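**Student:** no letters, just coordinates:
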């Protein structure tokens with residue numbers, strides 16, 4: 001996640017810490033939506049964000065949100081080691 005945010009925001013990775021506020025890193029609501037779509041594509045998953053009121057304010061909250069949504073499809077040892085694709089409906 002650190003690498004993804006640093007790359008996407010074009011900032012040094014050491015600025016991407018759990019307590020960093022997304023707004024302070026330059027993330028507004030439009031950029032947040034774009035980042036989520038890009039993350040979904042890269043991770044081959046779909047995140048369900050119920051409303052704008054539940055948007056995370058910090059990097060740590062964003063990571064917790066993503067962990068909560070993809071926790072069921074993570075495989076392997078450790079957190080986030082591999083994300084399996086959704087089951088085929090064909």
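**Tutor:** Looks like it came in fine. Keep in mind the model is a prediction, meaning the values are calculated, not measured.
**Student:** the residue positioned nearest the centre of the chain: which element?
**Tutor:** To find the centre residue of the chain, average its C-alpha atoms and take the closest one (Cα atoms, centre = their mean): that gives residue 66, at 5.1 Å. Element membership of residue 66 [criterion: DSSP states H and E] is helix 59-70.
**Student:** now swap in residue 11 and tell me
**Tutor:** Secondary structure from DSSP H and E places residue 11 outside every helix and strand.
**Student:** skip the chain neighbours and tell me the closest residue to it.
**Tutor:** Taking Cβ to Cβ, 6 or more residues apart in numbering, and ignoring the residues beside it in sequence, residue 11 has residue 25 as its nearest neighbour in space, at 6.3 Å. Yep, even glycine has a C-beta here, placed from its N, CA and C like the rest.
**Student:** so which elements touch the biggest helix by length in the chain?
**Tutor:** As far as residue count goes, and with DSSP state H defining each element, the longest helix of the chain is helix 29-43. Applying 3 or more Cβ pairs under 8 Å, 6 or more residues apart in numbering; DSSP states H and E, we find helix 29-43 packed against helix 2-9.
**Student:** and the residue lying closest to residue 59 once chain neighbours are set aside, backbone torsions?
**Tutor:** Distances taken as Cβ to Cβ, 6+ apart put residue 20 closest to residue 59, at 4.8 Å, once the chain neighbours are dropped. The phi and psi torsions at residue 20 (degrees, to the nearest 10) take the values phi -70, psi 130.
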